[in-house]
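1. Here's a sequence, model it:
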Amino acid sequence: MRENHIIIEKLNNFAKVSVKDFGPGIPENKLAHLFQRYYRVDSSGHQISGLGLGLYIANEIIEKHGGKMGVDSKLGEGSTFWFTLPV
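-> Residues are numbered from 1 along each chain as shown. All right, here's what the predicted structure looks like:
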C-alpha cells in the first residue's frame, strides 16, 4: 500500500488543503495540461480509465468559490495536489 499525506493549513485568509503521494510523479511537460477538460496522463504504458473530467470539474468548482487549485510534482518523488479556499 502506498502512503499519502494530507496537509491542512491556514495561509492569510485562505485555507490550503494538500494531498501528497510518493508515486512516480508527473512529467513537467504534462503539468500545465492536468486541469484541462478530457486530459489524461499515463507514463506507465497502462490503459487509462476515466474521462479526464475530474480535475477539470474540481478546478472549476474551486475557482467559482474564490480559490485556486494546483499541483507540484517531481519525477521519482511523487506529486502534491492542492487547493485553496477563502476562509
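2. contacts, neighbours, all on C-alpha from now
-> Noted.
3. and Trp82, what is it in contact with?
-> 16-19, 69-71 (Cα atoms under 8 Å, 6 or more residues apart in numbering).
4. how about 6 Å then?
-> 17-18, 69-70 (Cα atoms under 6 Å, 6 or more residues apart in numbering).
5. any chance of the residues you listed in a markdown table, plus neighbour count and pLDDT?
-> Listed next are those as a markdown table, based on neighbours: other Cα atoms under 10 Å; pLDDT from 0 to 100:
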| residue | neighbour count | pLDDT |
| --- | --- | --- |
| Val17 | 17 | 99 |
| Ser18 | 19 | 98 |
| Met69 | 21 | 97 |
| Gly70 | 16 | 96 |
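6. low pLDDT regions in the protein?
-> Applying pLDDT under 70 to the chain flags residues 1, 42-49.
7. Tell me if I'm right that Gly23 and Ser79 touch.
-> No. The pair Gly23 / Ser79 is not scored as a contact, 7.1 Å apart, by Cα atoms under 6 Å.
8. So for the two, which sits in the more crowded spot?
-> Ser79 (21 against 16; other Cα atoms under 10 Å).
9. Tell me what that one is bridged to.
-> Note on Ser79: beta-bridge partners by DSSP bridges are Ser73.
10. Good, wrapping up.
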